[in-house]
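Asks: Fold the following and give me the result.
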Amino acid sequence: MTENSFEQKALELFRYQEIHNSVYARYLDLLGIEPGTIQSAARIPHLPVRFFKSHRVYGASTPEECVFTSSSTTGMIPSRHYVASLETYRLNLLSIFRHFYGDPREYTVLALLPSYLERSGSSLVYMADALMKESARPENGFFLYDYPALFERLQSDASRGNKTWLIGVSFALLDFVKHFTVPAPGLIVVETGGMKGRGIELSREELHMRLKAGFPLSRIDSEYGMTELLSQAYSVKEDYFFDCPPTMQVSIRNLQDPFTYEPDGIQGGINITDLANTHSCAFIETEDLGIRLSDGRFRVLGRIPNAERRGCNMLTDIS
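Replies: The predicted structure follows:
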């Protein structure tokens, strides 16, 4: 997708969503923004991600087919992403996988996602399952806490020279490498983050260093996804910067004025435009801190301290 076609599609989605998505329309109204004045994608307001916790952010004329929910600690309200078409999500995630990794049928697909498998509504579990079905290999599989079984599967794939793609939540991958070392050159390990509530915070550099000790011959990648997004970004160059797929772009907002954007190389809040979010909201103001490079890649620097900003008091005004 070219820059011009992304711009055109973003504007088309904005015009559709400001009419059909009542939450987004009300947000624009409270901001005093006349939709007809928006003539470039750079001026499209992004909806604070917290709205997905408190409101039904949905604009399709048909009932949702699925509701993805975020993980949450005790007492926290999960985000809810109403999805009009699971097939649309499936086709998009497969297209993104091919963009970064090639044909899923070339890989054994393994998933170490204990905290996600132990609840319902995880978009990440659905993604991994869709990749396994597309791969169609008998070696594919999910793992909870049976690390010996995962070790045996990885060893077996390595001995046969199979290409293997292992996606895992960070705390589980760290637990695994405390007990096992897998020297497998055909293995790609993809960490999804996920240390919340584990009593430890690691930089991505420290995390990858520890994982590399357990997978000394393998590539360590990262995935950036959210319940509120239907597209995923990947860090595949071991430089901790994420590449966006064709359906996604990132901009960096000023932390004092969320409607002003920072130049490339200056840190601020991450805003995401996800063209796959056709029937929810394609324009998401996240609570992540980051920087963007001139080539569109971005790096996540952590969470924004005291992320709730002044604009979020509008949550109570939107019905």
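Asks: mind listing what His179 touches?
Replies: 147, 151 (CB atoms under 8 Å, 6 or more residues apart in numbering). Backbone N, C-alpha and C define where each C-beta goes, glycine included.
Asks: how close does it sit to Tyr147?
Replies: Remark: distance between His179 and Tyr147 (CB to CB, to the nearest Å) = 6 Å.
Asks: go on, Thr164?
Replies: On the measure of CB to CB, Thr164 and Tyr147 end up 16 Å apart.
Asks: got it, and Phe241?
Replies: On the measure of CB to CB, Phe241 and Tyr147 end up 30 Å apart.
Asks: More neighbours: those two, which one.
Replies: Phe241 (20 against 17; other CB atoms under 10 Å).
Asks: Show me this structure divided up by domain.
Replies: As given by automatic domain parsing, the domain ranges for the chain are 3-84+247-317, 87-235.
Asks: Check the burial of the closest residue to Tyr234 other than its chain neighbours by counting its neighbours.
Replies: With sequence-adjacent residues excluded and distances taken as CB to CB, 6 or more residues apart in numbering, Tyr234 is closest to Phe100, at 4.9 Å. By other CB under 10 Å, the residues close to Phe100 number 17.
Asks: OK, contacts around Phe100?
Replies: Contacts of Phe100 by CB under 8 Å, 6+ apart are 234, 236, 243, 245.
Asks: Relative to Ile96, which of these is nearest.
Replies: Among the contacts of Phe100, Pro245 lies closest to Ile96 (CB to CB), at 4.3 Å.
Asks: Test my guess that the closest one contacts Val236.
Replies: No - counting by CB atoms under 8 Å, Pro245 does not reach Val236; the two are 11.4 Å apart.
Asks: on that earlier part again, which one (most neighbours) among the contacts of Phe100?
Replies: Result: Pro245 is most packed of these (other CB under 10 Å), 22 neighbours.
Asks: OK, contacts around that one?
Replies: Contacts of Pro245 by CB under 8 Å, 6+ apart are 95-96, 99-100, 231-234.
Asks: And the lowest-mean-pLDDT helix or strand in the chain, what does it pack against?
Replies: Within the chain, no helix or strand scores below helix 114-117, which has a mean of 86 by mean pLDDT, DSSP states H and E. Counting contacts by 3 or more CB pairs under 8 Å, 6 or more residues apart in numbering; DSSP states H and E, helix 114-117 is packed against helix 123-135, helix 170-179.
Asks: Convert the C-alpha atoms of the longest one to PDB, please.
Replies: What follows is helix 123-135, C-alpha atoms only, in PDB (Å, rounded to 0.1, in the frame of the first residue of the first chain):
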ATOM      1  CA  SER A 123      -7.300 -12.000  20.100                       C
ATOM      2  CA  LEU A 124      -3.700 -13.300  20.500                       C
ATOM      3  CA  VAL A 125      -5.000 -16.900  21.000                       C
ATOM      4  CA  TYR A 126      -7.200 -16.500  18.000                       C
ATOM      5  CA  MET A 127      -4.300 -15.300  15.900                       C
ATOM      6  CA  ALA A 128      -2.000 -18.200  16.900                       C
ATOM      7  CA  ASP A 129      -4.800 -20.700  16.200                       C
ATOM      8  CA  ALA A 130      -5.400 -19.200  12.800                       C
ATOM      9  CA  LEU A 131      -1.700 -19.400  12.000                       C
ATOM     10  CA  MET A 132      -1.700 -23.100  13.100                       C
ATOM     11  CA  LYS A 133      -4.600 -23.900  10.900                       C
ATOM     12  CA  GLU A 134      -3.000 -22.200   8.000                       C
ATOM     13  CA  SER A 135       0.300 -24.000   8.700                       C
END
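Asks: so what does that helix touch, helix or strand wise?
Replies: strand 66-69, helix 86-101, strand 107-112, helix 114-117, strand 141-143, strand 163-168.
Asks: tell me the mean pLDDT for that helix?
Replies: Averaging pLDDT along helix 123-135 yields 97.
Asks: what residues does that helix touch?
Replies: Residues contacting helix 123-135 (CB under 8 Å, 6+ apart): 66, 68, 81, 86, 89-90, 93-94, 97, 104-105, 107-109, 111, 113, 116-117, 140-142, 165, 167, 192, 225, 227, 230, 232.
Asks: What is the longest strand of this protein by residue count?
Replies: strand 283-292 (DSSP state E).
Asks: angle of the helix or strand following that strand against strand 283-292?
Replies: Counting by DSSP states H and E, the next helix or strand C-terminal to strand 283-292 is strand 298-303. Relative orientation of strand 298-303 and strand 283-292, computed by axes from the mean of the first three to the mean of the last three CA atoms, to 10 degrees: 100 degrees.
Asks: what's strand 298-303 in contact with?
Replies: 204, 224, 233, 240-242, 244, 250, 252, 267, 270, 287-292.
Asks: ok so, going back, would CSV of the helices and strands packed on helix 114-117 with distance to Pro48 be doable?
Replies: CSV is the format used below for the helices and strands packed on helix 114-117 (distance: least, CB to CB, whole Å):
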stretch, distance to Pro48
helix 123-135, 20
helix 170-179, 26
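Asks: per-residue confidence for Ile77?
Replies: On the pLDDT scale, Ile77 gets 88.
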